[in-house]
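**Q** sequence and predicted structure are below.
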Amino acid sequence: MRYTFPVLSAVITVALMADAVPATSDTSNKVDTLSLGSLRKSSLRRRATGTLRYVNVNEDDFTINDPASGECFLLVSGAVHVDNGTGSVGTVYSDRGCEDVLGGPLAPGSARDFGEPVPHSIKFA
């Protein structure tokens, strides 16, 4: 127990120093930081740079800007038109959890119209 205080003190010091470091736009320097005893991932992660635009079944327009790669995004009410304005390949799914692939990949800069079934989610590589 006599080493508890110095170790805790070092953890708090490292956490405070990590929070004081300014954020950069350099995504090649991904670092996990320690924050007051809990680990948190850096917000710098790989993204599909650009904008995904889609029109849902109610003819409402939606956009998703710079979506995180590997993350599943819900297409509200299902999409009848998807425009992949990102620099990454997108995969559309008929379900809301990115499990049931619907058609082929959606290449960067391409667009596609959908009938039944419509996609309800999308994930970027």
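**A** Now that the structure is in, tell me what you want to look at.

**Q** please make it C-alpha for all contacts and neighbour counts, starting now.
**A** Fine.

**Q** this structure: strands as residue ranges?
**A** 33-35, 38-40, 50-56, 61-65, 72-74, 79-86, 90-93, 111-113, 121-124 (DSSP state E).

**Q** so the fourth one versus strand 50-56, what angle?
**A** When you say that, I think you mean strand 61-65. Relative orientation of strand 61-65 and strand 50-56, computed by axes from the mean of the first three to the mean of the last three C-alpha atoms, to 10 degrees: 160 degrees.

**Q** for strand 61-65, packing partners?
**A** Secondary-structure packing of strand 61-65 (3 or more C-alpha pairs under 8 Å, 6 or more residues apart in numbering; DSSP states H and E): strand 50-56.

**Q** generate TSV for the strands of the chain, with distance to E99, mean neighbour count and mean pLDDT as supplementary columns.
**A** Formatted as TSV, those follow (distance: least, C-alpha to C-alpha, whole Å; neighbours: other C-alpha atoms under 10 Å; pLDDT from 0 to 100):
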stretch	distance to E99	mean neighbour count	mean pLDDT
strand 33-35	32	18	35
strand 38-40	27	10	36
strand 50-56	20	20	98
strand 61-65	20	14	98
strand 72-74	9	19	98
strand 79-86	16	22	98
strand 90-93	6	24	98
strand 111-113	20	13	98
strand 121-124	9	24	98
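
**Q** any chance of those in TSV, plus distance to D100?
**A** Below are those laid out as TSV (distance: least, C-alpha to C-alpha, whole Å):
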stretch	distance to D100
strand 33-35	35
strand 38-40	31
strand 50-56	19
strand 61-65	21
strand 72-74	12
strand 79-86	15
strand 90-93	5
strand 111-113	18
strand 121-124	9
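
**Q** and of these, who's closest to P105?
**A** Closest to P105 of the strands of the chain, according to C-alpha to C-alpha: strand 90-93, at 5.0 Å.

**Q** so which elements touch the closest one?
**A** With contacts defined as 3+ C-alpha pairs under 8 Å, 6+ apart, strand 90-93 has these neighbours: strand 121-124.
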